[in-house]
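Q: Would you be able to build a 3D model of this:
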Amino acid sequence: VQVVESGGGLVQFGGSLRLSCAASGRISKIRDMAWYRQTPGKQRDLVAKISSDGRTIYADSVKGRFTISRDNAKNTMYLQMNSLKVEDTAVYYCNADLVYIDGLGGGVLDAWGQGTQVTVSP
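A: Below you'll find the model as predicted:
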């Protein structure tokens, strides 16, 4: 089981980016999915979270600018980021609370992606 982010890059102030997170493997169910971000020397902070039935929460700093969504059929989550600011520059991580299946009966996994860099230039 793994989760993989994509869509990061360099964008100018005020621009937009769309991040994707795809979960793959023998997954029975994905519960909450979330985006976190981290800058050097600081803790990893929650950006947005979405439940399996679509309920969302956002960090105050991104409300009104970022939109989290998911496609349960594809085990995929998205983060549409608009009106980007220099302070949004960070490595963005995907997190998925999921139930997996294996030969031992499976279990629950708090899965993290490897991160994708988002850089916003002035």
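
Q: Show me what the helix or strand where Tyr92 lies is in contact with.
A: Under DSSP states H and E, the secondary-structure element containing Tyr92 is strand 90-100. Counting by Cβ atoms under 8 Å, 6 or more residues apart in numbering, strand 90-100 makes contact with 1, 3-5, 8, 19, 21, 23, 25-39, 44, 47, 77, 79, 106-113, 115-118, all of which sit outside it. C-betas here are computed from N, CA, C, even on glycine.

Q: what about it, distance to the chain center?
A: Put simply, strand 90-100 sits 6 Å off its chain's centre (Cα atoms, centre = their mean, to the nearest Å).

Q: which residues does Val47 contact?
A: By Cβ under 8 Å, 6+ apart, the residues touching Val47 are Ala34, Trp35, Tyr36, Arg37, Tyr58, Ala59, Val62, Phe66, Ile68, Leu79, Tyr92.

Q: quick one: which of these is most hemmed in?
A: With neighbours taken as other Cβ atoms under 10 Å, the top of these is Trp35, carrying 27 neighbours.

Q: Okay, and that one sits in which element?
A: Here Trp35, judged by DSSP H and E, is contained in strand 27-38.

Q: Mind giving me the packing neighbours of that strand?
A: strand 17-24, strand 45-50, strand 76-81, strand 90-100 (3 or more Cβ pairs under 8 Å, 6 or more residues apart in numbering; DSSP states H and E).
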